[in-house]
Every structure is written in C-alpha cells, then in structure tokens.
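Q: my questions concern the predicted model and sequence given below.
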Amino acid sequence: MRADCVSHAALALIIAFACSSSGAETSGKVSFVREIAPILSDQCLGCHQPSKARGGYRVHAFAAASKSGDSGLMPWIAGDPAKSEILSRLITQDPDDRMPQDAEPLAATQVDLFRRWILEGAVFDGPDPSLGLHQLNPLTPHPSPPSAYKHPFPIQSLVLSPDAKLIYAAGRRELAEVNAVTGRLTRRLTNFPERITSLVLLQDQRRIAVAGGSPGRLGEVRIADLREDVQPTVLLRSADMILALAVSPDSRWIAAGGCDASIRLFDPESGLLKKTLEAHSDWVTWLSFQPDGETLTLVTAGRDKTARAFRVPNGELTGAWLDATDPLMATVATPDGRHALSGGRDKRITRWDFADGKSRGTLKLPAREVLQLHRIDNVLWALLGDGCIHTGKLEQDGKAGEFQPLSVKDDELSSFAVSPDGAVLVAGSRTGRLYRWDLSQPEPKPIALGHPFPKSQ
C-alpha cells in the first residue's frame, strides 16, 4: 500500500461516517450524464484528455475514464467506493495525489455524488460510452457577459461587414456590434463561450460563426443570426478550444480547427459534419480557403510546425511544408494557388510550393512573430508581434517587394479585418480600442473609434 494515499480501511471509515451522518439521503439514483460528467468536464478534463493525459489517465469519455492509467489501479469498482481509486484521489490530503491538482478540492457534496454513484453500481446512463463528455453534458446557455468591464479587454478577434458599416468585436462571452464610422456601440450579442478566438461572416451577411471555448474543458462553434433576436445555434462542441474558423467564398463550407488537432468541414445550411481531417499532430491554429477555378483548397497551419493544403471536399492532401522551426500561427495561399505564405513564432513569412513542399524564400518583413495574415487579390496584410499591420503587393507566386506598416501611436494592434474591396481596414488593440483606416487614401491614417465595451466607472 502506498504511504501517500488514503488506505482502503480509512476510506471505508470515511464513507461509513458520511452515510451515518447524512441522515435521509437524496432520493433517486445519481446520474453520470447529469451529475458526474459535468464535474469531470469542469475539474478533470484539463489534465486528463487525449492530448494531455497526466498519469496516463483520460476522462474525455466514460469508456476512457473507466480504464486505469499508468498506476494500473481501476478508477472505480462498481458497488465498492472504498476500493475505488478515484474517490481516494478526491479526498486524500496529499497535494501530490489529490484530484483535481492545481485547484481547490471538490466540495463535500460533489465528493458525495461520486461516492453514491459508485455505491449504486457506477452505472452509465448515456446513449454511448464512447461519446465525449461535452456531447453528454446538457446544452445550457452560457453565463451573461459582464455588464461593464473593470479593465480594457484586448480585442483578439473581429470582423467587418462587407459594406464596411459594422464591426463585430469579440469580448468575454459576447460580441459587440459597433458602428464602423462613429465607433458607437449599437448592440451586444450574447450566449457565446468564455473565450472567443475566431469570427467569420457568412455570405448572406445575416449570420456570423463564432468559435472559442474554455481551455481543456470545452470547444464550440455557434452560428448567430444577426437579423433575428434568436439564440445562436450550436454547430460544434468539442473537448477543447476551437482556435480557427474559415468559410469558403460561396459559404458552402465552414472549416473549424483547434486544440484537438482535428479539422472539421461542415455544411452550414444543414449543420452536418461532412469531413474530418486528421493530418496535424498538434493544435490547428489557422485555416484559410483558396478558390482555384472549379476546385477549392483549404490551407492550414499548426502548432506542430507544419502547414498543409487540402482539396475540399474530398480532403486530399495536396501539399505540406514540414520544415518550420517553430509553431506556425497563420497561412494563406498565393494568387496563383500553387504556393502558400506561412509564418508564426519563427518570426518570418516563408513562401513554399504545394508541389514539393519546399521553401521558395521569405518575405522582407521585420523579424517578429506572425499573428495574422489576410490576402485580397495581390495585396497581403500581415499582423506581426510588433503590434503593427504590414501591407504589400504580391506577385502571382507570392514574391513581394517592400511592405508598409500601419500602426497606432502608444498602442499595439492585436487583430484586424479588411472590407472585401480592400478599401477599409479596421483593427482591435491590446488596450481594447478599435481603429479604422481608409486605404483608398495615399497615406491612410488611423481613426480612433474608442472602446466597444462599457467600462466600469
């Protein structure tokens, strides 16, 4: 018996005391789906998921949680809480063994739910033991956003309406709809995940797709109707954050990727998942569609230091660049559709060939992390870690000359969007402000639009 773990005898005494002292116990059996799964998802999934399984133990699905980790000890023995390792870990006083680690111990009522559930036979009451916990948890509305923000909220994602009249900026569990000329807040859209990482507008301009989640707990894509006062519909729920979204130019396809390394292709009209691509081995950080005549290409970037190109919808891999030295954060195809520009923490934008995956050189830009890329025809915009957006013209194969910076004095830009005609650029900053540039001017200057979210007094 391990000296640092609660003994079975001691555990039996604790359980016996709990039974005798609780009086009349709550009637009805404990439900795994309604009561146990939400606790595992909220408190345990961050350290015990497929991509990050501390101690070799995974809880992303009932089938996985029922198996032992590296210790070889069964997490629960149906009908016998005293011999169930998971209960030992929940109540031990040893910080090295207690679950959850790096967090407060579970409340006594939560521990008692586990005890009762095991005592009642550890029954799974869901439809399929292999389903992820996020698929079992009941779909409930997200908490409301703060009525006002105590501190400026960095704007990490935004989109601009095609007519350049409205900006949709991501906040905490909300989107701010802002007049792109005056900066006035016109509406707050809610019922979105804690962190919003990516936004895309669909072609009909009536709907916006919103990706995000909570790290290690939940990933989500919701589609909101901008003209109807209805709750957003859920396109995807996953066990970890969704980091990247892209919509095809005709809005026939939405691609979503994130921390589980998968890329999912959806039909946004039916909401049906049409294809799952598993080529990356780590986070998918960026997605971008490239039409090429009758074909459609999806270019991707990942934390696994690779960039890839896939034919849509069949998912055929048509190119891959495997020589990056650091995680990649953004990628776009070149105007000729035969090369891609990719960059990230390697602090450069590399041009590579779909045909052989070889580098064809780098663009002349400051040595800073590449955070975001966007291309319209032969114009490229690149947001770098210096807090500036750099813009320049490309040749068909992606070669480029000098780039010009768009910057704001005493502020650092953290996201941007460009109107389809390339005439207007809007950007969010790390201090929570919005800015606008009229790119039709010979020397465009930033126009400050202020903070989109209400601030506490």
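A: Perfect, thanks for sending it. Numbering: from 1, shown residues only.
Q: can you map out the strands along the stretch 101-250 of the chain?
A: 158-160, 166-170, 174-179, 185-190, 195-201, 207-214, 218-225, 233-238, 242-247 (DSSP state E, counting those that start in this stretch).
Q: in the fifth one, which residues are buried?
A: Read it as strand 195-201. 195-201 (16 or more other C-beta atoms under 10 Å). The way it works is simple: take the backbone N, C-alpha and C, and place the C-beta from them, glycine included.
Q: let me know the secondary structure of residue 41.
A: helix (DSSP: H, G, I helix; E, B strand; the rest coil).
Q: do you know the pLDDT at the residue nearest to it when sequence neighbours are not counted?
A: Nearest residue to residue 41, sequence neighbours excluded (C-beta to C-beta, 6 or more residues apart in numbering): residue 133, at 4.4 Å. Listed pLDDT for residue 133 reads 78.
Q: I'd say residue 133 and residue 59 touch.
A: Yes. Residue 133 lies in contact with residue 59 (C-beta atoms under 8 Å); the separation is 7.2 Å.
Q: show me which of the two is the more surrounded one.
A: Between residue 133 and residue 59, counting by other C-beta atoms under 10 Å, residue 133 is the more crowded of the two (29 against 26).
Q: how about that one, what does it touch?
A: 37-38, 40-41, 45, 59-62, 239 (C-beta atoms under 8 Å, 6 or more residues apart in numbering).
Q: mind running it again at 10 Å?
A: Residues near residue 133 by C-beta atoms under 10 Å, 6 or more residues apart in numbering: 32-33, 36-42, 44-45, 49, 59-62, 64-65, 126, 217-218, 237, 239.
Q: ok, of the residues you listed, which come out buried?
A: Of the contacts of residue 133, these count as buried by 16+ other C-beta under 10 Å: 32-33, 36-42, 44-45, 49, 59-62, 64-65, 126, 217-218, 237, 239.
Q: show me the contacts for the nearest residue to residue 424 once chain neighbours are set aside.
A: Nearest non-adjacent residue to residue 424, counting by C-beta to C-beta, 6+ apart: residue 164, 4.1 Å away. By C-beta under 10 Å, 6+ apart, the contact set of residue 164 is 180-181, 417-421, 423-426, 436, 438.
Q: show me where the stretch 251-400 of the chain has strands.
A: 254-258, 263-267, 272-277, 284-292, 295-302, 307-312, 317-321, 328-333, 339-344, 349-353, 359-362, 370-376, 379-384, 389-393.
Q: I'd like those laid out as a markdown table, including mean pLDDT.
A: Below are those laid out as a markdown table (pLDDT from 0 to 100):
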| stretch | mean pLDDT |
| --- | --- |
| strand 254-258 | 97 |
| strand 263-267 | 95 |
| strand 272-277 | 92 |
| strand 284-292 | 93 |
| strand 295-302 | 96 |
| strand 307-312 | 97 |
| strand 317-321 | 96 |
| strand 328-333 | 98 |
| strand 339-344 | 97 |
| strand 349-353 | 97 |
| strand 359-362 | 95 |
| strand 370-376 | 97 |
| strand 379-384 | 98 |
| strand 389-393 | 96 |
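Q: I'd like those strands as a markdown table, with distance to residue 454 appended.
A: Below are the strands of the stretch 251-400 of the chain laid out as a markdown table (distance: least, C-beta to C-beta, whole Å):
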| stretch | distance to residue 454 |
| --- | --- |
| strand 254-258 | 30 |
| strand 263-267 | 34 |
| strand 272-277 | 37 |
| strand 284-292 | 31 |
| strand 295-302 | 35 |
| strand 307-312 | 40 |
| strand 317-321 | 44 |
| strand 328-333 | 31 |
| strand 339-344 | 34 |
| strand 349-353 | 38 |
| strand 359-362 | 43 |
| strand 370-376 | 27 |
| strand 379-384 | 26 |
| strand 389-393 | 27 |
